[in-house]
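Participant: Pasting the sequence and the predicted model now:
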Amino acid sequence: MYRARTRRGELHHTFKNKYIMMKTHTYLILLLSLTISATYSTTAQEKTTGKSLIEGLFQLNEIDMHVHAGKERPLPLNEWIDFFARDGRKVMLLLDHLELYRMDDIKNKEWIKKNNFNDWYPNTKTGKYDFIKDISTVESRKDVLTFRGWEIWEGEIDEGLEKEPMKEAEVIGWHISKAAWNGKAPAGKELIHRARQIIDIQKEFPVPMIIFHPFAGHIKAVKEAATKNGRNLSSINKEEYRYFTPEKQKELIEIIGGSSVYIEMERGMIPYWSDPVVREAFTEDIRPLAEGGVKFTVSTDAHGTGVFNESYTPEFYCKDLGITPENVNAIIRELLAIRAKKNIR
Ligand SMILES: [Zn+2]
Ligand SMILES: [Zn+2]
């Protein structure tokens, strides 16, 4: 009896313990599964919410929105484009420096000879229009989607624009350079000033516009100034490289966020990317812009076949900067929509 009772007591005790343990187990399992499902659905949401269909997007390395295809072109036009198509490009903005078409016959001949170029557009009166007509002919290609445009030096915004040829462009890219700023590489403040002017020009020329290569010159200038002052390059701190203050970022987002003014992120940024301090400063400069609705373009700024010596990988720096394929596809979608609208009668 005693044993039995004890046993029964033990049994009861064990059973009670087991019951509690089972209850605890069930509770833990339930809690765990709830946690897992919550985590899973968050991850699933992050993966799908707000993302475009892959089918409707060109990948970054398929896009090149700055290819010189005019007077400096090393090959006949279709052969030049073949090179890019073979390298994986599916969308290209073909353009040239507008100023190269302002030389008179003598200057043009001298320039061609000096640089050992082919004289693709020898008529200095009609050259700019011959070029536009030429690049329009490749728009029928089925392997690559091309748009046509001009690259114009930003100084012309202040000095006066040559408006007639601008009417032929589907895109205008503004060549940012220190030459327009008395030799001092422009930074955030100057870029904001230009952005306002460009928005203004768009009232007369309603086409997408790109601010070309605005950042590399500034980074280079910071490094050069340090060297000149006898400093070691590794002593430059992040703040010295910064292009924008948070206030300037907010201002720029207000001017061009969600607009048809884009900022170029060209391949020339890659050499600077290997410097961790530059990378950190640059990420702090650019990421908030991308997250705030500023749209970017990617490109090689190709002038010659040298661009094919290295692979084209804009995602290498775009990823950390928060520049997604959705962001970079914005200009393509806009250009396609403008073309489609023009074709509707
Ligand atoms: Zn340029
Ligand atoms: Zn260029």
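Facilitator: The structure has been received and is ready for your questions. Ligands and ions are numbered 1, 2, ... in the order given.

Participant: And the pLDDT at residue 271?
Facilitator: Model confidence at residue 271, given as pLDDT, is 89.

Participant: Which strands or helices does the host helix or strand of it pack on?
Facilitator: Secondary structure assignment for residue 271, by DSSP states H and E: helix 270-273. Secondary-structure packing of helix 270-273 (3 or more Cβ pairs under 8 Å, 6 or more residues apart in numbering; DSSP states H and E): helix 276-291, helix 315-321. C-beta here means a position set from N, CA and C on the backbone, and glycine is covered the same way.

Participant: Tell me the buried residues in the longest one?
Facilitator: So that's helix 276-291. Within helix 276-291, the residues that count as buried by 16 or more other Cβ atoms under 10 Å are 277, 278, 279, 281, 282, 284, 285, 286, 288, 289, 290.

Participant: Could you verify my assumption that the first one touches residue 236?
Facilitator: Yep, that's residue 277 we're talking about. Yes. Contact criterion Cβ atoms under 8 Å: residue 277 and residue 236 qualify, at 6.4 Å.

Participant: wouldn't residue 222 be in contact with residue 241 here?
Facilitator: Yes. Using Cβ under 8 Å, residue 222 is in contact with residue 241, at 5.6 Å.

Participant: any idea how far the closest residue in space to residue 329 that isn't next to it in sequence is from residue 145?
Facilitator: Among residues not flanking residue 329 along the chain, residue 57 sits closest, at 5.1 Å (Cβ to Cβ, 6 or more residues apart in numbering). Relative to residue 145, residue 57 is positioned 13 Å away (Cβ to Cβ, to the nearest Å).

Participant: How about residue 251?
Facilitator: From residue 251 to residue 145 the distance is 34 Å (Cβ to Cβ).

Participant: can you check residue 325 too?
Facilitator: From residue 325 to residue 145 the distance is 15 Å (Cβ to Cβ).

Participant: repeat for residue 339
Facilitator: According to Cβ to Cβ, residue 339 stands 10 Å off from residue 145.

Participant: what does residue 217 give?
Facilitator: Applying Cβ to Cβ, the value for residue 217 to residue 145 is 30 Å.

Participant: and residue 99, how many neighbours?
Facilitator: Counted with other Cβ atoms under 10 Å, residues neighbouring residue 99 total 15.

Participant: which non-adjacent residue is nearest it?
Facilitator: Leaving aside its chain neighbours, residue 99 sits nearest to residue 153 (6.2 Å; criterion: Cβ to Cβ, 6+ apart).
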